[in-house]
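S.K.: Pasting the sequence and the predicted model now:
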Amino acid sequence: MTSPFHKRIYELKNDPTFSFNVPLKLKNPHPLILKTKKGLESLDKLIKSNYETERKIYNEILHIHTDLKLRNRALRIMNVIISYIFKQNHSIVFEYGNCYVEMFGQKTEFYLRQKYNRIRNTNERGWSNQSFVKSNKLEFRAGPSYRHKSWIDKENKNLKNIFLISLLG
């Protein structure tokens, strides 16, 4: 016997009416995407930012953390996801400095960030340290930090399945 929740997940995964193709240009952006774009641009203009200033801006926009060169793709990916969320009559909630999607009465934290690679180095004395180098890939994460699910940007992945698995699975 399947629960109504699992039945709904199956229906969403097999719904052919929604396209999850990420366009090459941002078309018909959702108002939340436009607000996020303006918020990120205002963060870029800050000469000296601090935690309070960044928190104030991120309390009202989607959590997208990328370089300028990846931001356009990140906004396009997030536009597809946000449009799908609202077409399914779900909502986006901002609480406690985090961004959540509220589906079926459950809140799930989510964000999109630039992937970093950890490089471990050892000096001549044998002491090791690590540095983080930015990559050209994006990572979509959903769920609490201790048990999140993530998707790393690859051309051959199906965004629809990854999104549903990340948020619902």
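M.R.: Cool, the structure landed.
S.K.: Tell me which residues of stretch 83-100 come out buried.
M.R.: Neighbour counts over stretch 83-100 (16 or more other C-beta atoms under 10 Å) mark 83, 84, 85, 99, 100 as buried. Where you see a C-beta, it was placed from the backbone N, CA and C, and this is true even at glycine.
S.K.: how much space between the first one and residue 111?
M.R.: Using C-beta to C-beta, to the nearest Å, one gets 17 Å for the distance from residue 83 to residue 111.
S.K.: Tell me which stretches of this protein form strands.
M.R.: For the chain, applying DSSP state E gives strands covering 64-65, 91-95, 98-103, 106-122, 128-142, 149-152.
S.K.: Which among these is found nearest to residue 31?
M.R.: Taking C-beta to C-beta, strand 91-95 is the member of these nearest to residue 31, at 11.0 Å.
S.K.: packing partners for the closest one?
M.R.: Here strand 91-95 touches helix 68-87, strand 98-103, going by 3 or more C-beta pairs under 8 Å, 6 or more residues apart in numbering; DSSP states H and E.
S.K.: can you tell me which of those comes nearest to residue 116?
M.R.: Counting by C-beta to C-beta, residue 116 lies closest to helix 68-87 out of the helices and strands packed on strand 91-95; the figure is 12.2 Å.
S.K.: Tell me what angle the closest one forms with strand 98-103.
M.R.: Relative orientation of helix 68-87 and strand 98-103, computed by axes from the mean of the first three to the mean of the last three C-alpha atoms, to 10 degrees: 30 degrees.
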